[in-house]
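Undergrad: Provided below are the primary sequence and the corresponding predicted coordinates.
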Amino acid sequence: MSSLSRSVKTEQIKMRQLTVDITAATSAVSGFDKLGIREVIKNGAGDFTIVLKRPFNAKNANTPRIQVMPMSAGVTSHLDASAHDRVTVVLSADVDFTISILGCDHRFNV
């Protein structure tokens with residue numbers, strides 16, 4: 001029996017990625033990495049803060065990189081704030097979306 005392993009293939013050391021789906025109406029989380037999300041705070045229509053269960057290493061100078069994909073045509077999005085333990089995104093409409101968060105737990109850049 002082979003052992004299971006998980007990883008993100010990259011030149012960087014100790015990279016982690018979370019990809020989740022957020023339902024705008026209820027702030028419900030689903031998708032591949034839903035257990036990595038502590039909570040989703042709805043700050044207003046189309047304005048969400050996603051709090052991570054396990055923050056990325058704050059000693060790393062780089063904050064996580066975020067990609068937001070609205071699940072409706074014509075909706076724009078942008079990253080409002082990013083920290084090692086949370087991200088805030090704003091969408092032009094209150095729609096469901098997928099968010100992919102990529103960060104590093106290594107304290108040095110390679």
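TA: Perfect, I can see it now. Numbering: from 1, shown residues only.
Undergrad: count the residues that sit near residue 37.
TA: 19 (other Cβ atoms under 10 Å). Any C-beta I mention is one placed from the backbone N, CA and C, and that applies to glycine too.
Undergrad: what residue is smack in the middle of this structure?
TA: residue 101 (3.3 Å; Cα atoms, centre = their mean).
Undergrad: low pLDDT regions in the protein?
TA: 1-8, 107-110 (pLDDT under 70).
Undergrad: ok, back up a step: hmm, the residue nearest to the centre of the chain is touching residue 66, no?
TA: Yes. Between residue 101 and residue 66 there is a contact under Cβ atoms under 8 Å: 5.6 Å.
Undergrad: how would you label residue 35: helix, strand or coil?
TA: Under DSSP: H, G, I helix; E, B strand; the rest coil, the three-state class of residue 35 is helix.
Undergrad: is it true that it touches residue 53?
TA: Yes. Contact criterion Cβ under 8 Å: residue 35 and residue 53 qualify, at 7.3 Å.
Undergrad: can you confirm residue 94 is in a strand?
TA: No. Assessed with three-state DSSP, residue 94 is coil; it does not lie in a strand.
Undergrad: which residue packs closest to it, ignoring adjacent ones?
TA: Closest residue to residue 94 apart from its sequence neighbours, by Cβ to Cβ, 6 or more residues apart in numbering: residue 45 at 4.3 Å.
Undergrad: on that earlier part again, beta partners for the residue nearest to the centre of the chain?
TA: residue 18, residue 66 (DSSP bridges).
Undergrad: please report how far it lies from residue 36.
TA: Distance, residue 101 to residue 36, by Cβ to Cβ, to the nearest Å: 8 Å.
Undergrad: same check on residue 14?
TA: Distance from residue 14 to residue 36, by Cβ to Cβ: 15 Å.
Undergrad: more neighbours: which of these two?
TA: residue 36 (18 against 15).
Undergrad: much appreciated, bye for now.
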